[in-house]
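Chemist: Mind looking at a prediction? Sequence and model below.
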2 protein chains.
Amino acid sequence: MPTTDTEARILEAAHHVFVRRGVAAARTQEIADEAGVNKALLHYYYRSKAKLADAVFLRAAGAMFPQLLGTLASDLPLREKLHAAVGVEMDALAASPYLPGYILCELRSDPARLSALLHEAMPVERLRGEVFASLQAQIDAEVEAGRLRPLTAQELLVALMSMLIFPHAASHMLEVAAGLNEAARDRLASWRRRELADFLLRGFAP
Amino acid sequence: MPTTDTEARILEAAHHVFVRRGVAAARTQEIADEAGVNKALLHYYYRSKAKLADAVFLRAAGAMFPQLLGTLASDLPLREKLHAAVGVEMDALAASPYLPGYILCELRSDPARLSALLHEAMPVERLRGEVFASLQAQIDAEVEAGRLRPLTAQELLVALMSMLIFPHAASHMLEVAAGLNEAARDRLASWRRRELADFLLRGFAP
DNA sequence: CTACCGATTAACCACATGGTTAATCCGATG
DNA sequence: CATCGGATTAACCATGTGGTTAATCGGTAG
């Protein structure tokens, strides 16, 4: 929520530099340059590099999680809900493909601080609770009907996020490990968009 | 392949510090302290922080990839091969749970340099070729027999690695996003060890 | 015109950090 | 016991970095 144009340009530049270098390796000078602004302005608007990183992270996380959680807490039938969640998340990922890697890496170097940030920005526990309750009820119904094996919402969610986020976050690694070029990456991405929901349901079927 | 005890202690200390802080945020002094050694010794054995990071990364990657690739190129039947690969990789991950996150983050900040490192250490392309050829033949046989839908080895491999590595690499993130505590993490890990191979085969079944 | 005020900058500072150097330690070798 | 050489260290250095400050710019109100 920047209030001035310069402030927004700084945030944007910081986002780019942080995402491609990582916060620790990012230089404030580079951010200033990319924003076309004097380095002192960063400290004028945001008080320190750390605060700036907080602002960037919060905006990024705020653009990534709520939509997904919202979709997962909606009242669509299970299959459609999963399919919608995949679509929503793939859109978000397509818009900022390096975000998950960034979040992952930052969360790794200091889990406590950043999870605290997230908590102050949104009611994580409540959202999670709603999502889980809604999902678990639907899963249990499917289990009852013999279409799924007994399963927790957590398991389903972790599988979903793994298949959804990892190929983006680890694209460089997969490039080396699996020889994944851009074309193959796109092919896999469109497969996920079309098939991932059903893939998961089949995998968890009895 | 350190030749002296001190050298090995330094490598070990560097590994710990790099893994928990990330290379950019790691301080050579902290590494020296953790190795119980003067800072100048790091430069005596390894010429610079960057070279030290290379050594650490190579050792780590060398402990993570070859086993997996070896298993995947073996002549076990498909299902058993996948199951064995899961086991091998889960063992490796259990031994050093933070490694994938480390590799991921380092690969992200400078993909070219580190993939070059990997290439000079092992014949990545050849290994990958063997793995893919072997896997693809087995997949095609299963497709022929109507037990799998048409599928590339790449797709299978990416799905495998996603489900296998992401829960480790993103454990902090999942702790926040899915409320995953240690007990739940262990439960999911043992599920993967038992069920992941079959899960994938069901998911890719027609 | 000028007095004012937030936005912006050039110049500067303290300091942490990676890296170097010259000296010292210590076991082996003669 | 002397000395030789690799291992190890204390002290030091150059530099890049985040952060500060005092001055300036530029629009606006009186």
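Modeler: Received, thanks. Because the structure is predicted, anything quoted here is derived from the model rather than measured. Numbers count the residues shown, from 1 in each chain, chains lettered A, B, ... in the order given.

Chemist: Surely residue A:37 and residue A:9 touch.
Modeler: Yes. Contact criterion CB atoms under 8 Å: residue A:37 and residue A:9 qualify, at 6.9 Å. Where you see a C-beta, it was placed from the backbone N, CA and C, and this is true even at glycine.

Chemist: Which SSE is immediately downstream of the helix or strand containing residue A:84?
Modeler: Assigned by DSSP states H and E, residue A:84 belongs to helix A:78-95. Note on helix A:78-95: by DSSP H and E, the next helix or strand toward the C-terminus is helix A:99-109.

Chemist: what's in contact with that next one?
Modeler: Helix A:99-109 is contacted by residues A:18-19, A:22-24, A:53, A:57, A:60-61, A:63-64, A:92-93, A:114-115, A:165, A:168-171, B:20-22, B:25, B:98, B:101, B:104-105, B:108, B:169-170, B:172-173, B:176 when judged by CB atoms under 8 Å, 6 or more residues apart in numbering or on different chains.

Chemist: For residue A:24, grab phi and psi.
Modeler: Here is the backbone geometry of residue A:24 (degrees, to the nearest 10): phi -60, psi -40.

Chemist: do you know how far it is from residue A:18?
Modeler: Using CB to CB, to the nearest Å, residue A:24 is found at 10 Å from residue A:18.

Chemist: Quick one, grab the pLDDT at the residue nearest to residue A:160 when sequence neighbours are not counted.
Modeler: Nearest in space to residue A:160, with sequence neighbours left out and distances taken as CB to CB, 6 or more residues apart in numbering or on different chains, is residue A:200 at 6.3 Å. The model reports residue A:200 with a pLDDT of 98.

Chemist: List the residues that contact residue A:200.
Modeler: Contacts of residue A:200 were listed using CB under 8 Å, 6+ apart, and they are A:82, A:156, A:159, A:160, A:163, B:203.

Chemist: do that again at 7 Å, thanks
Modeler: If you count contacts by CB atoms under 7 Å, 6 or more residues apart in numbering or on different chains, residue A:200 has them with A:82, A:156, A:159, A:160, B:203.

Chemist: per-residue confidence for the first one?
Modeler: With respect to pLDDT, residue A:82 has a value of 97.

Chemist: Just name whatever secondary elements the helix or strand bottoming out on mean pLDDT in chain A is in contact with.
Modeler: Lowest by mean pLDDT, DSSP states H and E among the helices and strands of chain A is helix A:111-121, with a mean of 82. Helix A:111-121 is packed against helix A:49-73, helix B:171-178, with contacts defined by 3 or more CB pairs under 7 Å, 6 or more residues apart in numbering or on different chains; DSSP states H and E.
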